[in-house]
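J.: Need coordinates for the below:
(2 chains)
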Amino acid sequence: RKEVEQDPGPFNVPEGATVAFNCTYSNSASQSFFWYRQDCRKEPKLLMSVYSSGNEDGRFTAQLNRASQYISLLIRDSKLSDSATYLCVVNYVGDYKLSFGAGTTVTVRA
Amino acid sequence: NAGVTQTPKFRVLKTGQSMTLLCAQDMNHEYMYWYRQDPGMGLRLIHYSVGEGTTAKGEVPDGYNVSRLKKQNFLLGLESAAPSQTSVYFCASNPGISNEQYFGPGTRLTVT
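T.: Next up is the predicted model:
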């Protein structure tokens, strides 16, 4: 079983729509959670950290559910520029490494 | 600041050839990482370093070696390239594990 699992999608949504997707992690000894964004043939970049109480950054909302071991990302009022692959990333207590999911692809159409 | 840079950006090797990928960061970060990314598989950690002079194996270390002689540089070596090593290689660094990880632009390697 992979440490971090994501629905690969693709999620095809019209501009202005709301899209949400989850990521599950297998190790309960986790301490840090992130969403990264990766554009086609580019390097990943941090979109936002995910905090226990949930957090927003503009049109993006991230939630953490420790009991069920998943995190979620919701994008409101989708823009064409939101088209990308979103990587779920988890760090475990005492570990120097990050575990990456394979990514969820979102395509926003005009 | 240039951030994280990688050299070269593209390379084609023949099976059995060797090469070294260079990663450099100017942010004084302690931690540095080498990943490979293949379609549908996400990022897989090859080797990493938690400080100058240290290295450790990641998830897929076989066929690769690394060195971190200077804090700002992390080298990835392929001793005898194989077609299975065709991939996009990303270097990354961060000041601490709970902090944002900064990635280089990637090296696209093809082994024929």
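J.: does the spatially most central residue of chain B sit in a helix or strand, and which one?
T.: For chain B, B:Trp34 is the residue whose C-alpha lies nearest the centre (Cα atoms, centre = their mean; 3.0 Å). Per DSSP states H and E: B:Trp34 is located in strand B:31-38.
J.: The helix or strand following that strand near chain A anywhere?
T.: Heading C-terminal from strand B:31-38, the first helix or strand you meet, by DSSP H and E, is strand B:42-49. Yes - Strand B:42-49 is in contact with chain A by Cβ under 8 Å from any Cβ of the partner chain, via B:42-45, B:48. In short, each C-beta sits where N, CA and C put it, glycine included.
J.: still on that earlier bit, next up, the contacts around the residue nearest to the centre of chain B.
T.: By Cβ atoms under 8 Å, 6 or more residues apart in numbering or on different chains, the residues touching B:Trp34 are B:21, B:23, B:45-48, B:58, B:64, B:66, B:74, B:76, B:89-91.
J.: Buried among those residues? Make that a ChimeraX selection.
T.: The following ChimeraX line selects those of the contacts of B:Trp34 that are buried, judged by 16 or more other Cβ atoms under 10 Å in any protein chain shown:
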select /B:21,23,45,46,47,48,58,64,66,74,76,89,90,91
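J.: so where do the strands sit in the chain?
T.: As the question left the chain open, I've gone with chain A. Along chain A, counting by DSSP state E, strands occupy A:4-6, A:11-14, A:19-25, A:30-38, A:45-50, A:55-57, A:60-65, A:70-75, A:84-92, A:98-100, A:104-109.
J.: I was after chain B.
T.: B:4-7, B:10-13, B:19-25, B:31-38, B:42-49, B:56-57, B:64-67, B:73-78, B:87-94, B:102-103, B:107-111.
J.: related to what we said a few turns ago, how about the strands of chain A, which one is nearest B:Glu100?
T.: strand A:45-50 (4.5 Å; Cβ to Cβ).
J.: Now do the closest one against strand A:30-38, angle only.
T.: Angle of strand A:45-50 versus strand A:30-38, following axes from the mean of the first three to the mean of the last three Cα atoms, to 10 degrees, is 150 degrees.
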